[in-house]
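1. Coordinates only, no sequence provided:
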């Protein structure tokens, strides 16, 4: 029997890029300093193809804080679910 934490690890995570249905491999941690406290992290997830584009989109606005492999993010943040949001 799988524990709830294992179930979350097995869930498919889809890239946040608009129209993309590929599996996400990366987590892009970000925050908007006008809206969020410095320690707050929002997340987008990206497939290999869209990692650079989404990183640039957030980076140009000064929002990007970190880009890490999805597996590493899950290991460091057990129980948190990645936010799946479609980008512009």
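-> That came through, no problem. Computed from a prediction, not measured in an experiment: that's the story for all the values here.
2. next one: stretch 17-37 to chain centre, how far?
-> In terms of Cα atoms, centre = their mean, to the nearest Å, the centre of stretch 17-37 is set 5 Å apart from its chain centre.
3. Pull the residues that contact that stretch.
-> 12-16, 38, 40-51, 53-55, 58, 61-70, 73, 82, 86-88 (Cβ atoms under 8 Å, 6 or more residues apart in numbering). From N, CA and C alone the C-beta is placed, and that goes for glycine too.
4. Drop anything exposed from those.
-> 13, 15-16, 41-47, 50-51, 54-55, 58, 63-65, 67-68, 70, 73, 82, 87 (16 or more other Cβ atoms under 10 Å).
5. Which of the three states applies to residue 62?
-> coil (DSSP: H, G, I helix; E, B strand; the rest coil).
6. The nearest residue to it once chain neighbours are set aside: how many residues sit nearby?
-> Nearest residue to residue 62, sequence neighbours excluded (Cβ to Cβ, 6 or more residues apart in numbering): residue 33, at 7.1 Å. Residues within reach of residue 33, counting by other Cβ atoms under 10 Å, total 11.
7. And the helices in this protein?
-> 4-10, 48-60, 70-76 (DSSP state H).
8. Same list, those, but as CSV with mean pLDDT and distance to residue 27 please.
-> Output for these, formatted as CSV (pLDDT from 0 to 100; distance: least, Cβ to Cβ, whole Å):
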stretch, mean pLDDT, distance to residue 27
helix 4-10, 43, 14
helix 48-60, 97, 10
helix 70-76, 92, 4
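9. Now distance to residue 20 too, for those helices, in CSV please.
-> Shown next, in CSV, are the helices of the chain (distance: least, Cβ to Cβ, whole Å):
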stretch, distance to residue 20
helix 4-10, 21
helix 48-60, 6
helix 70-76, 15
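10. What's opposite the residue nearest to residue 24 when sequence neighbours are not counted in the beta bridge?
-> Spatially, and ignoring its direct neighbours in sequence, residue 24 is nearest to residue 45 (3.5 Å; Cβ to Cβ, 6+ apart). Beta-bridge pairing for residue 45 (DSSP bridges): residue 27.
11. All set, thanks.
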